[in-house]
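Asks: from the sequence below, what's the structure:
(2 chains)
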Amino acid sequence: MTIEANAAATPLATTPSTDEQTIARAARERIQRRRFAVRATQLAVAVLLLGLWQVGAIVGFIDPFFFGSPLGIVQRLADWFVNGTAYGSFWEQLWITLEESLLGFVFGVGSGVIFGILLGEVPFLADVFSPYIKIINALPRIVLGSIFVIWLGLGLPSKVLLAAVLVFFVVFFNAFQGVRSVDRNLVSNARILGASRLQVVQHVVIPSAMTWIIASLHVALGFSIIGAIVGEFLGSQGGLGLVIATAQNTFDSNGVFGAMLVIGVVALGAEALMTQLEHRLLAWRPKSPSENSIAGI
Amino acid sequence: MTSSASGGVKLIGVTKRFVTPTGAAMTAIRDINLTVEPGQFVTIVGPTGCGKSTTLTLASGLELPSAGSVLVNEQPVTGITKGASFVFQTDALMPWKSVEANVALGPMFRGTRKAEALRLARDWLATVGLSGFEKHYPHQLSGGMRKRVSLAAALINEPTMLMMDEPFSALDVQTRAIMSNELLALWEKSRPSVMFVTHDLEEAIALADKVVVITAGPGTVKATYDIDLPRPRGAVQEIRFDKRFLELYQQIWESLREEVERAYIRQIESNRQRGAA
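Replies: Okay, the predicted model is just below:
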C-alpha cells in the first residue's frame, strides 16, 4: 500500500476501511467510464444515421422528395419558427396542440379515476356496466373523432373530447383493477380500527390503487397527444396535426418529419415531468434497481 | 363477570357457512361454544383449515354467524365490535404510510386530531421499542419490527379485546420467542382479553390461560384446557422445560394429534380426487 495513494484518499490512512474506499473509488470510475462509453456510442449512432441520410440525399441515393433530408428538416423548422406557418406562428400551433392534449389528459384521467374507483368499489355497478364498457372499448375509438368534429365543430372541444376518450379507457381499466386488487387484510384492519366506508376508500383504496393509476399515466399521456393530433388531422383550424396534414397535401416530406420531431421533443418533455411526478407520489416504494424511463410513445 | 365493558366474549352454538361464488355452501365451523372471560388469554389451536380464523372474524364482527349467537360484553355482535383490535398473520400495514402514520390511524379513524394521534403513536412506538424509526416506511423494517408496529397499531386504541390470527407465524423462531415475551409483557400492563390463533402448541401453552382445541373442519370445540402455570410466565423459551408444561403439552398434543392426522388424510384424499378428475 503506497503512502501517496492513501494520503490522497483520506487522512485516516491506517483505518481498515482504506481498502474498501479504494475498491469503491475504482468501482465509481468504472461506472463513469461505462456511462461515458454508452453516451458516446449513442451519439455516434445518431451522427452516423443522420449523416448517411444526408449524404444519401445529396448523392441521390435517397430521393429527398419522398424521404426529405436532415438539413432540409432543419431548414423547414427554422422557416416555421421564424416566418410562421400559413395559419399563424408555429408557437401558436404548438400551443394549440399542447392545450388540447393537456385538457384531454386532465378530463380523461379525472373521469377514468372516478369511474374506475366507483365501479371497483360497487360490484353491482361493475357487473351492470362491464359489457357496455367492453363494447365501447372494442370500437376503434379514433373514428369517434369524426363524430366529435361533426358534433363540436373544428375548434378545440372536439380534440379535447377525443383525447379524453382515448385517455379515459386506459386510466379507467387500471383504476378499476387497482381497486379490485386492494389487500383485503388492509381493509379489514382499517374497519376494525374504526374506519368508516369513506375513510376506508380515502386511506386504503385510493392510495393502494394509486400505483396502478400512475402506471397508466405514461401510456395515457401518449394517447392524449395522439388524440389531439388525430383530431386536428380530421378537421381543424390550427395545431400541429393541421401543420402535418398541410405538409402531407403539398408533398412536403421535410415538413412532416419536422412536425414529428417537434411532437417527439414535446412528448419526451412531458414524459420527463410525469416521471418526476411519479417519483414524488410513489416515494414510499422500495427503490427498484432497474428504474429506467422509456418514453410511452 | 365483573364488568360489562371489559371485553368478555361468548360464542353460543355458533355455525358459520360460506357460500362460494358458484352457489355451493361450505360449513367453516359448526356449533362452537366458547367463552373468553374478561382479561383472559385464550389460545385456539387446531389443524389447518378447521375454521380457527373464522372464529376471530366472527368475534370481531367482520362476519356475522349463520346460526347461534356471538356476545361481546354481553351484547350480541351486529357489526364491527367496539373495543376490539386485530393483529393479522401478514402485516396489515399501509406500505405508503410511515410507521408513525400507520400507528396513528386507529385514533384518527375515531376522530382524534392528527397532531394528537401522531403524538400518541410515537409514545406507543417507544413502548414497543421502535423509537427512532417513526419516519421509516414499513418495507424498510425487518419482519419482527413490522410486527411490533402492528402490535402498537392494535394496542393504541386501548382494546378490551385483542384478536390475533397467527401473528408470529411468519417470523423466524428466535424473533418469534422475543415477540411472544414482548406480547406477554404488554398484555400484563392493560390485560385485554385475548383470542390468539396458532398452529404452534408450545406457543399456545406458553402464552395462554386456556387452550381451546378445534376439530378438523368443519371445526367445533373438541376440548379446552386450563393452563395453571403461574404468571408472570417469564421467558417463553424457558417455560418449555417446566415439568407442568410438559405434562400439559403431552395431554393437549394427544387430543390435537388425532385432529391433525384426520385433516391431513382428508387433504390427501381431496387432492387425489382432484387429480383424478
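
Asks: flag every buried residue along stretch A:263-280.
Replies: A:263, A:266-267, A:270-271, A:274, A:278 (16 or more other C-beta atoms under 10 Å in any protein chain shown). All C-beta atoms are positioned from the backbone trio N, CA, C, and that covers glycine.

Asks: over to stretch B:22-32?
Replies: Buried-residue list, stretch B:22-32, by 16+ other C-beta under 10 Å: B:28-32.

Asks: so where's the chain shaky on pLDDT?
Replies: Since you didn't name a chain, this refers to chain A. In the predicted model, chain A carries pLDDT under 70 at residues A:1-17, A:287-297.

Asks: meant chain B actually
Replies: In chain B (pLDDT under 70), the answer is B:1-6, B:277.

Asks: if we go to 50?
Replies: The model of chain B has pLDDT under 50 over residues B:1-4.

Asks: show me where chain A has helices.
Replies: A:3-9, A:17-59, A:64-67, A:70-83, A:90-121, A:123-138, A:144-152, A:156-180, A:184-192, A:197-200, A:206-234, A:240-249, A:253-281 (DSSP state H).

Asks: one step back: which among the buried residues of stretch A:263-280 gets closest to residue B:84?
Replies: Set against residue B:84, the nearest of these by C-beta to C-beta is residue A:278 (38.3 Å).

Asks: contacting residues for that closest one?
Replies: The contact partners of residue A:278, taken as C-beta atoms under 8 Å, 6 or more residues apart in numbering or on different chains, are A:214, A:217.

Asks: and if we set it to 7 Å?
Replies: Applying C-beta atoms under 7 Å, 6 or more residues apart in numbering or on different chains, we find residue A:278 in contact with residue A:214.

Asks: where's it relative to residue A:174, distance?
Replies: 13 Å (C-beta to C-beta, to the nearest Å).

Asks: can you check residue B:107 too?
Replies: The gap separating residue B:107 from residue A:174 is 33 Å, by C-beta to C-beta.

Asks: just residue A:168 next, same as before
Replies: Taken as C-beta to C-beta, the span from residue A:168 to residue A:174 is 11 Å.

Asks: and for residue 184, the neighbour number?
Replies: No chain specified, so I'll use chain A. Residues near residue A:184, counting by other C-beta atoms under 10 Å in any protein chain shown, number 10.

Asks: actually chain B
Replies: The burial count for residue B:184: 18, using other C-beta under 10 Å.

Asks: from the chain's centroid, how far away is whichever strand or helix holds it?
Replies: Secondary structure from DSSP states H and E places residue B:184 in helix B:173-190. On the basis of C-alpha atoms, centre = their mean, to the nearest Å, helix B:173-190 sits 13 Å off its chain's mean C-alpha point.

Asks: identify all contacting residues around it.
Replies: B:41, B:143-144, B:147, B:151, B:155, B:158, B:168, B:171, B:194, B:203, B:206-207, B:232-233, B:235-237.

Asks: among those residues, which ones are in helices?
Replies: Per DSSP H, these map to helices at B:143-144, B:147, B:151, B:155, B:203, B:206-207, B:236-237.

Asks: for the residues you listed, which one is nearest chain A?
Replies: Distance to chain A across the ones in helices among the contacts of helix B:173-190 (C-beta to the nearest C-beta) is lowest for residue B:155, with 11.4 Å.

Asks: quick one, what contacts the closest one?
Replies: B:85, B:124, B:186.

Asks: if you rank these by neighbours, which is first?
Replies: Counting by other C-beta under 10 Å, top hit in the contacts of residue B:155: residue B:85 with 26 neighbours.

Asks: in a strand, that's where it is, yeah?
Replies: Yes. Remark: residue B:85 belongs to a strand, assigned using DSSP: H, G, I helix; E, B strand; the rest coil.

Asks: OK, contacts around it?
Replies: Counted by C-beta under 7 Å, 6+ apart, residue B:85 has contacts A:192, B:154-155, B:157, B:159, B:162.

Asks: among those, which two are most distant?
Replies: A:192 and B:155 (12.9 Å).

Asks: hang on, residue A:245 packs against residue A:234?
Replies: No. Counting by C-beta atoms under 7 Å, residue A:245 does not reach residue A:234; the two are 9.1 Å apart.
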